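> Could you work out the structure for the sequence below:
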Amino acid sequence: MRKVDPDKYEAKRQQILKAAIACFSAKGFHRTSTAEICAEAGMSPGNLFHYFPNKQAIIAGIVDAERRDTAAYFADAIKADDLFAELLGFMDIVLALAADPAYARLALDISVEAMRDADIGQRVARNDAEIQAALAALIAEAASRGQADPGLEPAAAATWIGALIDGIFGRVAVDPTFRPKDQAATLRLLITRFLGPRGR
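Sure thing, here's the model as predicted:
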């Protein structure tokens, strides 16, 4: 049996995911065919199915990749000296992602798919729970250092930050005049008044 090079195998998977993201962002999950993903990736259907058995597995792969990226981000963020600044920086990233039409369409498509497909729904729920936990840990540690309001319950504060993030993407979907990056100053002020220590 031929040995599989794990680095090459993972590189091929990433190549397919990148191609799929481009296709899904342009046409959505259900209007994108596997043939179009193959064309974008520059490979045959047989080759693609060696790495992902079907389109749902590709969507699951995108959700899992987002999970790994987010976990790595928060693993670094918690090491920073100013955790409140890290939280504000995270929200700047959220605004930048929401301002990217392709990313915003993909994020909303994944949210809809999570309600249709149980497996995707479980993966998205797991990602959301991990983000909530990471935000709560960041807020709790910031409060312990005097960088955030110690009177707030970290998990509850993280829940509202998560709702705010969901709302940003929802606003993008329904209001074509909403420009996420134009809201950066207001969002920073809102979070500072909500979470910041007195006098910040």
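
> In space, what's closest to the one residue sitting closest to the centre of the chain - neighbours in sequence excluded?
Central residue of the chain (Cα atoms, centre = their mean): E66, 5.4 Å from the mean position. Spatially, and ignoring its direct neighbours in sequence, E66 is nearest to N127 (6.4 Å; Cβ to Cβ, 6 or more residues apart in numbering). C-beta coordinates here come from the backbone N, C-alpha and C atoms, glycine included.

> Show me the shaky parts of this structure.
Across the chain, the ranges flagged by pLDDT under 70 are 1-2, 198-200.

> at 90 what do you get?
The model of the chain has pLDDT under 90 over residues 1-7, 30, 46, 196-200.

> From the domain annotation, what segments belong to each domain of this structure?
Domains of the chain are assigned by the TED database as 1-53, 60-195.

> chain center to stretch 59-77: distance?
7 Å (Cα atoms, centre = their mean, to the nearest Å).

> ok, residues contacting it?
13-14, 16-17, 20-21, 24, 29, 52, 83, 86, 89-90, 106, 110, 113, 117, 119-120, 123-124, 126-127, 130-131, 134-135, 137-138 (Cβ atoms under 8 Å, 6 or more residues apart in numbering).

> and the longest helix along the chain, which residues are buried?
Assignment by DSSP state H gives helix 118-144 as the longest helix of the chain. Neighbour counts over helix 118-144 (16 or more other Cβ atoms under 10 Å) mark 120, 123-124, 127, 131-132, 134-143 as buried.

> Which residue comes closest to I131 once chain neighbours are left out?
In space, I131 is closest to T70, 6.0 Å off (Cβ to Cβ, 6+ apart).

> Over to A41?
A19 (3.7 Å).

> After the helix or strand hosting that neighbour, which helix or strand is next? Please name it.
Using DSSP states H and E, A19 sits in helix 6-27. Downstream of helix 6-27, the first helix or strand assigned by DSSP H and E is helix 34-41.

> picking that back up, who's in contact with the residue nearest to A41?
I37, E40, A41, G42.

> quick one: it and I78, what's the gap?
33 Å (Cβ to Cβ, to the nearest Å).

> F29: how many residues sit nearby?
21 (other Cβ atoms under 10 Å).

> list the contacts for it?
So F29 contacts K55, I59, D109, E113 (Cβ under 8 Å, 6+ apart).

> Drop anything exposed from the contacts of A19.
Buried members of these, scored by 16+ other Cβ under 10 Å, are I37, E40, A41.

> Please verify my assumption that the first one contacts I58.
Pointing back at I37 there. Yes: in terms of Cβ atoms under 8 Å, I37 counts as a neighbour of I58; the distance is 7.0 Å.

> Might one say that L108 is in contact with R171?
No: here L108 does not reach R171: they are 11.2 Å apart, not a contact under Cβ under 8 Å.

> coming back round to it: just the angle between the helix holding A19 and helix 34-41, please?
Put simply, helix 6-27 runs at 120 degrees to helix 34-41, going by axes from the mean of the first three to the mean of the last three Cα atoms, to 10 degrees.

> Can you show me the CA trace of helix 6-27 as PDB?
Taking Å, rounded to 0.1, in the frame of the first residue of the first chain, the C-alpha atoms of helix 6-27 are listed here in PDB:
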ATOM      1  CA  PRO A   6       0.400  13.900   5.700                       C
ATOM      2  CA  ASP A   7       1.800  17.300   4.600                       C
ATOM      3  CA  LYS A   8       0.900  16.800   0.900                       C
ATOM      4  CA  TYR A   9      -2.500  15.300   1.900                       C
ATOM      5  CA  GLU A  10      -3.300  18.300   4.100                       C
ATOM      6  CA  ALA A  11      -2.100  20.700   1.400                       C
ATOM      7  CA  LYS A  12      -4.500  19.100  -1.100                       C
ATOM      8  CA  ARG A  13      -7.300  19.400   1.400                       C
ATOM      9  CA  GLN A  14      -6.500  23.100   1.900                       C
ATOM     10  CA  GLN A  15      -6.400  23.600  -1.900                       C
ATOM     11  CA  ILE A  16      -9.900  22.200  -2.200                       C
ATOM     12  CA  LEU A  17     -11.200  24.200   0.700                       C
ATOM     13  CA  LYS A  18      -9.800  27.400  -0.800                       C
ATOM     14  CA  ALA A  19     -11.500  26.600  -4.100                       C
ATOM     15  CA  ALA A  20     -14.800  25.700  -2.400                       C
ATOM     16  CA  ILE A  21     -14.800  28.900  -0.400                       C
ATOM     17  CA  ALA A  22     -14.400  30.900  -3.600                       C
ATOM     18  CA  CYS A  23     -17.200  29.000  -5.300                       C
ATOM     19  CA  PHE A  24     -19.600  29.100  -2.200                       C
ATOM     20  CA  SER A  25     -18.900  32.800  -1.600                       C
ATOM     21  CA  ALA A  26     -20.000  33.500  -5.200                       C
ATOM     22  CA  LYS A  27     -22.900  31.200  -5.600                       C
END
